[in-house]
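Colleague: next input, structure requested:
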Amino acid sequence: QVQLVESGGGLVQAGGSLRLSCAASGRALSSSRVGWFRQAPGKEREFVAAVISRTGGITSYADFVKGRFTILRDNAKNTVYLQMNSLKPDDTAVYYCAATLGPTGVYDLWGQGTQVTVSS
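Modeller: Got it, this is the predicted structure:
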């Protein structure tokens, strides 16, 4: 069974850092586009970042995280990371990773989410 499992969430003060991990089992992530999304209470899920190329050299970021978050992939560990620096209270949300399984670019596989809470 193919699964994505997120970890690394927690409580941090504003200005702090967290690193989220998205580990895959049952399938290699290297051929997939992997994205991070988040959903805050009462808000719709929104795109945060994605790693597009196999080597990780092509990435995409939402404007609100540019310069603060970095997405990285480690194919040897079958894991994608989201390094989050300079965190703000507005970054508080459940963070989900997702992967594409086919050529359509649709995110077919989702993890269960990890909570990130940033205190002011």
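Colleague: pLDDT wise, what is residue 113 at?
Modeller: Confidence per residue is given as pLDDT, and for residue 113 that number is 97.
Colleague: wait, doesn't it sit right on residue 7?
Modeller: No: under the criterion of Cβ atoms under 8 Å, residue 113 lies out of contact with residue 7, with a separation of 10.6 Å. Where C-beta positions appear, they are placed from N, C-alpha and C, glycine not excepted.
Colleague: and residue 28, which helix or strand is it part of?
Modeller: Residue 28 belongs to no helix or strand when assigned by DSSP states H and E.
Colleague: surely residue 17 touches residue 88?
Modeller: No: judged on Cβ under 8 Å, residue 17 makes no contact with residue 88 at a distance of 11.9 Å.
Colleague: spatially central, which residue of the protein would that be?
Modeller: When the chain is reduced to its mean C-alpha position, the nearest residue by Cα atoms, centre = their mean turns out to be residue 36, at 2.9 Å.
Colleague: please name the nearest non-neighbouring residue to that one.
Modeller: Nearest residue to residue 36 in three dimensions, chain neighbours excluded: residue 48, at 4.3 Å (Cβ to Cβ, 6 or more residues apart in numbering).
Colleague: do the same with residue 58
Modeller: Distance criterion Cβ to Cβ, 6+ apart; nearest residue to residue 58, sequence neighbours excluded, is residue 52 at 4.3 Å.
Colleague: and the pLDDT for the one you found?
Modeller: 93.
Colleague: my understanding was that it contacts residue 59; is that so?
Modeller: Yes: taking contact to mean Cβ under 8 Å, the distance of 6.5 Å between residue 52 and residue 59 places them in contact.
Colleague: the more surrounded of the two?
Modeller: residue 52 (17 against 14; other Cβ atoms under 10 Å).
Colleague: let me see the contact set for that one.
Modeller: If a contact means Cβ atoms under 8 Å, 6 or more residues apart in numbering, then residue 52 has 33, 58, 59, 60 as its contacts.
Colleague: now swap in residue 77 and tell me
Modeller: Counting by Cβ under 8 Å, 6+ apart, residue 77 makes contact with residue 23.
Colleague: with that, I have no additional questions.
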